[in-house]
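> I need the structure of the sequence given here:
(one chain, ligands or ions: 2)
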Amino acid sequence: MQDDIRDILIDRYAIQARVYKMAQQIAADYGQREFLLMPLLTGSIIFVADLVRHLPVLMRIDVMAVSSYPGKATTNQGTRILYPTEFDVAGKHVLVIDDILDSGRTLNSVRNLLAEQNAASVKTCVLLKKRLPTAPATEADYLGFEIADEFVVGYGLDYNGYYRNLPDIAILHKRVFAPDA
Ligand code: 5GP
Ligand code: MG
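Ligands and ions are numbered 1, 2, ... in the order given. Next up is the predicted model:
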């Protein structure tokens, strides 16, 4: 696995320092207001596990699973919710956690859906955001790092299901994507 890594973009120590700061900001913003943390599977699992351990406040955690866009370039089919089948968010302050904001379509759909389900408020928190020429469909309320438009893995993010267990955010060698090249 280590041989597949071309560069470490953000190392584990920088991640930890930033996650700690983000937790402090979230705790300060919510104050005594109880909130529901909603991590999006599977990419956010490592991030959320670290984040909550710096958040000594009353909270519940409900995971949510959404399908990635099956359509190729022309996407207007929205995000498909795989789990849960029923929501219990009415009147709750929901903080959605995801690994990375790219086009922003995932978070935008989730945000709208939770609003339709009468959540009292919906905020979003991502570890990473891609720096793209066009604006994303939605911005995150809490952001860890802005990165260049490159495909990254590690700290929960996968390629083909692998590399989520890398402790750092990394870029893979090209040959990993095109083994015969
Ligand atoms: P969006 O809806 O913002 O375009 O896409 C967000 C989702 O795309 C993320 O939750 C993540 O699963 C996936 N994604 C986008 N960029 C990357 C990346 O650089 N690496 C990995 N592993 N997943 C990404
Ligand atoms: Mg994801």
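> roughly how far is the helix or strand containing residue 6 from the heart of the chain?
Per DSSP states H and E, residue 6 falls inside strand 5-10. Its chain's C-alpha centre and that of strand 5-10 lie 19 Å apart, by CA atoms, centre = their mean, to the nearest Å.
> what pairs with it, and is each one parallel or antiparallel?
strand 169-172 (antiparallel) (DSSP bridges).
> Outside of the partner strand itself, list whatever touches it.
For strand 169-172, the external contacting residues (CB atoms under 8 Å, 6 or more residues apart in numbering) are 4-11, 15, 128, 145, 147, 150-155, 157, 159, 163. Glycine gets a C-beta too; all of them are placed from N, C-alpha and C.
> any idea which helix or strand comes after it?
helix 174-177.
> Same question for the strand holding residue 6: list its buried residues.
Residues 5, 9, 10 are the ones in strand 5-10 that count as buried (16 or more other CB atoms under 10 Å).
> can you dump the C-alpha coordinates of that strand into CSV?
Extracted C-alpha coordinates of strand 5-10, given in CSV (Å, rounded to 0.1, in the frame of the first residue of the first chain):
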residue,chain,number,x,y,z
ILE,A,5,1.7,6.7,-2.6
ARG,A,6,3.3,9.4,-4.7
ASP,A,7,3.0,12.3,-2.2
ILE,A,8,1.6,13.1,1.2
LEU,A,9,-0.4,16.2,0.8
ILE,A,10,-1.5,16.7,4.4
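> can you tell me how far the residue nearest the centre of the chain sits from residue 140?
In the chain, the C-alpha nearest the mean C-alpha coordinate belongs to residue 98, at 1.5 Å (CA atoms, centre = their mean). Taking CB to CB, to the nearest Å as the measure, residue 98 falls 8 Å from residue 140.
> list residues touching both of those two?
Common neighbours of residue 98 and residue 140 (CB under 8 Å, 6+ apart) are 107, 124, 125, 126.
> Out of the residues you listed, which comes closest to ligand 1?
residue 107 (6.2 Å; CB to the nearest ligand atom).
> helix, strand or coil for that closest one?
Here residue 107 is helix, with the state taken from DSSP: H, G, I helix; E, B strand; the rest coil.
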